[in-house]
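[1] One predicted model, sequence on top.
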Amino acid sequence: MEKKQTNDDTSQINTMNSIPKTYKNYINGEFPRTESGRYYSCEAPDGKHIANVGLSTRKDVRNAVQAARKAQASWANKTAYNRGQIIYRIAEILSGRREQFTNEMVLLGYSQEAAELEINACIELIIYFAGWTDKIGQVFGSVNPVASDHFNFSRQEPVGVVGIISPETPSLLGMLGLLLPNMVAANSQVIIASTQIPLPTCTFAEVLATSDVPAGTVNIITGLKSELIPPISQHMDVDVVVGDQSLDIELRVMCELESASNMKKVYFWNSFISLEELNSSPNETISTCLHTLKDPYHILHVQEVKTTWHPISE
Amino acid sequence: MSEKKVSEQITRSNQASISIDWSYADAPESTSHVRFNKHYGLFIDGSFTEYNENQSFESINPANGESLYRCTEANKSDVDTAVKAARKAFKGTWGSTSGTQRSHYLYRIARMLQERAREFAVLESMDGGKPIRESRDIDIPLAAAYFFYYAGWADKLAYAFPGKSPQPLGVCAQIIPWNFPLLMLAWKIAPALACGNTVVLKPAETTSLTALKFCELLQDIGLPDGVVNIVTGAAKTGEYLVQHSDIDKIAFTGSTGVGKVIQQSIAERQLPATFELGGKGAFILFDDAALNEAVEGIVNAIFFNQGHVCCAGSRLLVQEGVAEKVIDLLKKRMQHLIVGDPLDKNTDIGAVNSKEQLETIQRYVELGIQEGATCFECSGSLPTTGYYFPPTILTGVSQSSTVVQEEIFGPVLTIQTFRTTDEAIEKANNTPYGLANGIWTDKGSKIFYVGNKLKSGVVWSNTYNKFDPTSPFGGFKESGKGREGGISGLHAYLKLDHNGGMY
């Protein structure tokens, strides 16, 4: 048999060990670029260019909110058991790709130790919240002994669409601390990634995309908080905004003010650790942060209580 | 109707053949045992401030339009004094009062309200226009029940929130509406005190009386000074209270419009705040329901308390096949509703709370007609003095009609039809509000299917407008934030420190 002819240049395999990635938004299960075509340069602490990251706009926010609203019911209609498994699956996938995440974090200024500890904490937090999906209602729901012939019960339900403003650092753990209670609550969300260290959050989209999380349940956009918070908090189809107390006070006040437009619920939690603190005492800071974030009451904040009455009679 | 008249009537009916007058004889509740002052100061730090005519406003009895009493319009410095008194009590006496002691005070308040229930009921009806049957059977007993329920929590808070160490917030600024004056006061004050907070409460300007009488009761039981302070006044007083720099929490019940203004005004302060705002509840009536019962349900959903109910079922969504029959039954039933003197025990629908509110209702109905609705009003006569509005239904409306989208807060029901279950859900959810909805069907599985998809904090199935201290109440979407009642109601008045005990 005649040997198949090959092109000369395939006789050698490319020895470049990595192809730099284009970081994009994650909307409705797809990876579009920002419609604006604008970008900013994400740099290492020494000023070296690492990646171009999209400067998303109001239009991207709208697209993401639209996708989130469309997806919310399908996420909420899954059984609690199923949602628990899907969230657990996120931990499995993330665990298998931890090196990719630690590399990106180190490129942007994390020490190797801090990056590894943070990823471990992320995996632990995901598994922690995966377990809450079918327990939150048991612990915090109630059958209410009303003083009349009625059967009366209260249970938690999703609020709907959530805007998530990630803290700058810890870039992935802080974001997950806001995201996971919302996923357990069966909300769908639009996440504004950390501006300073966006890469792990962008790459996390790839984990979500391969973890059976329905498209549109979690949407991620990158850019400047000053540009993205107004359209999120003004949007009439966003029900809740959650962020971190480290957010710049002017942006926070703006967020609260604009959120009154449709009586959005606004919560600011506390998970911020500066990069310096992360690198100087990673063990202590990350375990404290993890402890703070392992709080089922964060789920309650992003749920609504619904009380149902029915008469009891022959 | 006088005794003589009644006996004449009996004689006449005994003489047979002549048609009998079936209308009810007058049955007015006596007001002889109720006492109230002609004017009131503010209740601050355990006693009433001196009344000052130049700083006062009038409260009208809406049943006859006459002046009932005058009370003080709290200005900025009055509000400041009240907040200071509340702060002092929080730091001092009340702060060092144990949960057990707090519970004993609250139990005593509940008991005292029960003892004086009739008096409070009569005052509530005189001041606010609601039928005595409602204030006597619902408002006042429920107010006592809320105090009794939360009294029991005061020494058991650690059991309510697993993994947390609950702490009081501090001084609570509370603003309540005029539709259920004493009941809303109870919803606000009972959980706040049970959790160890102190309170500055502003009643609505048209209904201050039961709040002021409540202060007498607090003096009688010896509640420490400054724990509860009542500042009367209108919007301006509310603004001073909300903007005071030394409050730790805001609880507001009222319109969504004002709620938004408050949320904006506290944007810079990150103050814990709960809101109980407007509603536009749907009453979804399926064709398999027991229609006669459902019609009673509709009457209760929209005509209860003159329709001055944030969770009122003000939109009837009726399945197409039974629409005609239901509307017919409803119209017949409406003809039997008695609109009149709030103090008459036969009255179903009392006086509209104020002239302003009456005008609002009138404006909405006119607007509905302009937008194409057909209006049906009860034909019975209305009293000639005071503020009254007949039970009214508007048919031929669409989802985008103003009267379907906006809260009227009066005895006005809009009627729409639907074919499929999902269409009913879609229509029910299609307003900015999400406080309460009703489902009327004989099919249990349908109740859960529809109930799960309704975006509202309360779902009444085969019933409507039921309240209980153990039952959380509050809204989704623009109907508010937080819950009142039940364990959720405690959450709104506590700081939950993370004690990590569960790990």
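    Structure's in. What do you need?

[2] Contacts made by stretch B:338-348 with the rest, please.
    Contact partners of stretch B:338-348, identified using CB atoms under 8 Å, 6 or more residues apart in numbering or on different chains, comprise B:24, B:26-29, B:31, B:63, B:122, B:125-126, B:128-133, B:303, B:337, B:349-351, B:378, B:380, B:382-383, B:388, B:390-391. C-betas here are computed from N, CA, C, even on glycine.

[3] Mind checking which of those residues are buried?
    Buried residues within the contacts of stretch B:338-348, counting neighbours by 16 or more other CB atoms under 10 Å in any protein chain shown: B:29, B:63, B:122, B:125-126, B:128-133, B:303, B:337, B:349-351, B:378, B:380, B:382, B:388, B:390-391.

[4] Just the ones of these in helices?
    Counted as lying in helices by DSSP state H, out of the buried ones among the contacts of stretch B:338-348, are B:122, B:125-126, B:128, B:132-133, B:303.

[5] would you list the residues you listed in JSON lines and tack on pLDDT and distance to chain A?
    Shown next, in JSON lines, are these (pLDDT from 0 to 100; distance: CB to the nearest CB, whole Å):
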{"residue": "B:V122", "pLDDT": "98", "distance to chain A": "24"}
{"residue": "B:S125", "pLDDT": "98", "distance to chain A": "23"}
{"residue": "B:M126", "pLDDT": "97", "distance to chain A": "27"}
{"residue": "B:G128", "pLDDT": "97", "distance to chain A": "24"}
{"residue": "B:I132", "pLDDT": "97", "distance to chain A": "21"}
{"residue": "B:R133", "pLDDT": "97", "distance to chain A": "17"}
{"residue": "B:F303", "pLDDT": "97", "distance to chain A": "19"}
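
[6] Pull up the gap between B:E296 and chain A, please.
    Distance of B:E296 to chain A, computed by CB to the nearest CB, to the nearest Å: 12 Å.

[7] swap in B:E115?
    B:E115 is 19 Å from chain A, where distance means CB to the nearest CB.

[8] backbone phi and psi for that residue, please?
    The phi and psi values for B:E115, taken as degrees, to the nearest 10, are phi -60, psi -40.

[9] Please tell me how far it sits from B:A154.
    The spacing between B:E115 and B:A154, counted by CB to CB, to the nearest Å, is 21 Å.

[10] Just the pLDDT for B:A234.
    B:A234 carries a pLDDT value of 97.

[11] element containing the nearest residue to it once chain neighbours are set aside, please.
    Distance criterion CB to CB, 6 or more residues apart in numbering or on different chains; nearest residue to B:A234, sequence neighbours excluded, is B:E205 at 4.2 Å. According to DSSP states H and E, B:E205 maps onto no helix or strand at all.

[12] show me the contacts for B:E205.
    Neighbouring residues of B:E205 by CB under 8 Å, 6+ apart: B:57, B:59, B:178, B:232-234.

[13] And these, which is closest to B:V299?
    Comparing the contacts of B:E205 against B:V299 with CB to CB picks out B:W178 as the nearest, at 22.5 Å.

[14] which SS class is the closest residue to chain A within the stretch 201-350 of chain B?
    Taking CB to the nearest CB, chain A has its nearest neighbour within the stretch 201-350 of chain B at B:A267, 3.6 Å off. Counting by DSSP: H, G, I helix; E, B strand; the rest coil, the backbone at B:A267 sits in coil.

[15] That one and B:G170, how far apart?
    In this structure, B:A267 and B:G170 are 20 Å apart, going by CB to CB.

[16] give the contact list for the residue nearest to the spatial centre of chain B.
    Taking CA atoms, centre = their mean, the centroid of chain B lies closest to B:F180, which sits 3.5 Å from it. Neighbouring residues of B:F180 by CB under 8 Å, 6+ apart: B:139, B:305.

[17] Flag the shaky bits of the chain, pLDDT-wise.
    Using chain A. Low-confidence segments of chain A (pLDDT under 70): A:1-11, A:13-17.

[18] that answer is for a different chain, and I need it for chain B
    In the predicted model of chain B, residues B:1-18, B:498-503 satisfy pLDDT under 70.

[19] How is it divided into domains?
    B:39-277+B:480-498, B:282-468 (automatic domain parsing).

[20] Can you tell me which residues in chain A are near chain B?
    By CB under 8 Å from any CB of the partner chain, the residues of chain A that approach chain B are A:139, A:142, A:144-148, A:150, A:152, A:154, A:157, A:159-160, A:239, A:252-253, A:256-257, A:259-263, A:265, A:268, A:291-292, A:294-297, A:300, A:304-311.

[21] Name the SS class of the residue most central in space within chain A, please.
    Computing the C-alpha centroid of chain A and ranking residues by CA atoms, centre = their mean puts A:L179 first, at 4.0 Å. When classified by three-state DSSP, A:L179 comes out as helix.

[22] Excluding chain neighbours, what is closest to it?
    A:I164 is the one closest to A:L179 (CB to CB, 6+ apart), at 6.0 Å.

[23] That neighbour: neighbouring residues, count only.
    Using other CB atoms under 10 Å in any protein chain shown, A:I164 is surrounded by 25 other residues.

[24] which residues sit in contact with it?
    Residues near A:I164 by CB under 8 Å, 6+ apart: A:175, A:178-179, A:182, A:189-192, A:241-243.

[25] Inside strands: which ones of the residues you listed?
    A:189-192, A:241-243 (DSSP state E).

[26] can you pick the most crowded of the residues you listed?
    Counting neighbours by other CB under 10 Å, A:V190 leads those with 31 neighbours.

[27] Need the contacts of B:E205 in TSV (columns: secondary structure).
    Putting these into TSV (three-state DSSP) gives the following:
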residue	secondary structure
B:F57	strand
B:S59	strand
B:W178	coil
B:T232	coil
B:G233	coil
B:A234	coil
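
[28] would you turn the ones in strands among the contacts of A:I164 into CSV with distance to B:T274?
    Listed next are the ones in strands among the contacts of A:I164 as CSV, based on distance: CB to CB, whole Å:
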residue, distance to B:T274
A:Q189, 24
A:V190, 26
A:I191, 27
A:I192, 27
A:V241, 17
A:V242, 18
A:G243, 20
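
[29] List just the nearest of those to B:K453.
    A:Q189 (20.5 Å).

[30] which non-adjacent residue is nearest that closest one?
    A:V162 is the one closest to A:Q189 (CB to CB, 6+ apart), at 4.4 Å.

[31] Could you tell me how many residues sit around that neighbour?
    Around A:V162 there are 31 residues (other CB under 10 Å).

[32] doesn't it fall inside a strand?
    Yes: checked against three-state DSSP, A:V162 lies within a strand.

[33] what residues are up against it?
    The neighbours of A:V162, taking CB under 8 Å, 6+ apart as the test, are A:68, A:182, A:187-190, A:238-242, A:302.

[34] Please apply the same query to A:D212.
    Contact analysis of A:D212 by CB under 8 Å, 6+ apart lists A:86, A:89.

[35] The residue nearest to the centre of chain A against A:I192, yeah?
    No: when contacts are counted by CB atoms under 8 Å, A:L179 is not listed as touching A:I192 (11.5 Å).

[36] What parts of the stretch 351-500 of chain B come near chain A?
    B:432, B:447, B:451-452, B:454-463, B:466, B:468, B:470-474, B:476-481, B:483, B:486-488, B:491, B:496, B:498, B:500.

[37] For the domains of chain B, give me a markdown table that also has distance to A:F101.
    Converted to a markdown table, the domains of chain B look like this (distance: least, CB to CB, whole Å):
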| stretch | distance to A:F101 |
| --- | --- |
| domain B:39-277+B:480-498 | 27 |
| domain B:282-468 | 37 |
